[in-house]
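A.B. asks: Return atomic coordinates for the entry below.
(one chain, ligands or ions: 1)
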Amino acid sequence: MKSIKRRSFIKNFALGTSASLFVTSIHAKLLTPSEMEGPFYPVKPQKDTDADLTRVKGRTSIAKGELIEVFGQILDQDSKPIENMTIDIWQANTFGKYDHPDDDKPAPLDNDFQGWAIIKSDADGRYKIKTIAPGAYPVGDGTEFRTPHIHFKISKEGYVPLMTMMYFPHHPLNAQDGLINRKTAQETELMTAKMIGRTSTNFTQYQFDIVIEKL
Ligand SMILES: [Fe+2]
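C.D. replies: Got it, this is the predicted structure:
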């Protein structure tokens, strides 16, 4: 009898300890920093806004560029996954050009690149897109570049809407990027995806989790 009591004490003590550690860690989620929308949010009506940006409905060839898969989970500050979040994603093509009337850079358009997706997170708060690695593009007098990035606009009733950008780890242009340089190292880390590996179909995989504030 004594030993049973002792065992259950040890068990409860261990559970209590791990539970309190858990409670400490789940409240430690830092919010994903916000960033400006930028001038190239899509304005042309587009029928195809699904999660595969490498293909445009009705066309047979696929987008030019390095194939990538970006996936992640949308969480609130208490680490609770958020389902049915609207995730609005847009980016430049492999040449650094947006399909936008105000993008007057000489870089070419790619008619096989979708460039824009509006998707929803699933029941576990997860999302996944197939796309290509966006190109860098010149800004200002052309001596500086916007490092490759993907724009995200995330919203759902009951949460603070988030506008942000995802960066690529170890990209050589990150260090000279004007917007990254206005962020702290911690903020930049929260906005930088993790490279995970490569799929059997040759997509480089990146994980980008997003933490959004519950109202
Ligand atoms: Fe941009």
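
A.B. asks: in stretch 51-65, what's buried?
C.D. replies: By neighbour count on 16 or more other C-beta atoms under 10 Å, the buried set for stretch 51-65 is 51-56, 62-63, 65. C-beta: built from backbone N, CA, C; applies to glycine.

A.B. asks: who touches the longest strand along the chain?
C.D. replies: Scanning the chain for the strand with the most residues, using DSSP state E, yields strand 67-76. With contacts defined as C-beta atoms under 8 Å, 6 or more residues apart in numbering, strand 67-76 is touched by 29, 54, 81-82, 85, 87, 121, 124-133, 150, 154, 159, 166, 193, 199, 201-214.

A.B. asks: same question, stretch 193-201
C.D. replies: 67, 69-70, 72, 166-169, 204-208.

A.B. asks: centre of the chain versus that stretch, how much separation?
C.D. replies: 14 Å (C-alpha atoms, centre = their mean, to the nearest Å).

A.B. asks: Now do the strands in the chain.
C.D. replies: Under DSSP E, the chain gives strands at 67-76, 86-90, 116-120, 126-132, 137-139, 144-146, 149-155, 162-167, 194-198, 204-207, 210-212.

A.B. asks: Include mean neighbour count, mean pLDDT and distance to Asp177 when you put those into a markdown table, please.
C.D. replies: Formatted as a markdown table, those follow (neighbours: other C-beta atoms under 10 Å; pLDDT from 0 to 100; distance: least, C-beta to C-beta, whole Å):
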| stretch | mean neighbour count | mean pLDDT | distance to Asp177 |
| --- | --- | --- | --- |
| strand 67-76 | 21 | 98 | 19 |
| strand 86-90 | 20 | 98 | 18 |
| strand 116-120 | 17 | 97 | 22 |
| strand 126-132 | 21 | 98 | 20 |
| strand 137-139 | 16 | 95 | 9 |
| strand 144-146 | 18 | 96 | 6 |
| strand 149-155 | 21 | 98 | 8 |
| strand 162-167 | 21 | 98 | 8 |
| strand 194-198 | 12 | 97 | 18 |
| strand 204-207 | 17 | 98 | 18 |
| strand 210-212 | 21 | 98 | 20 |
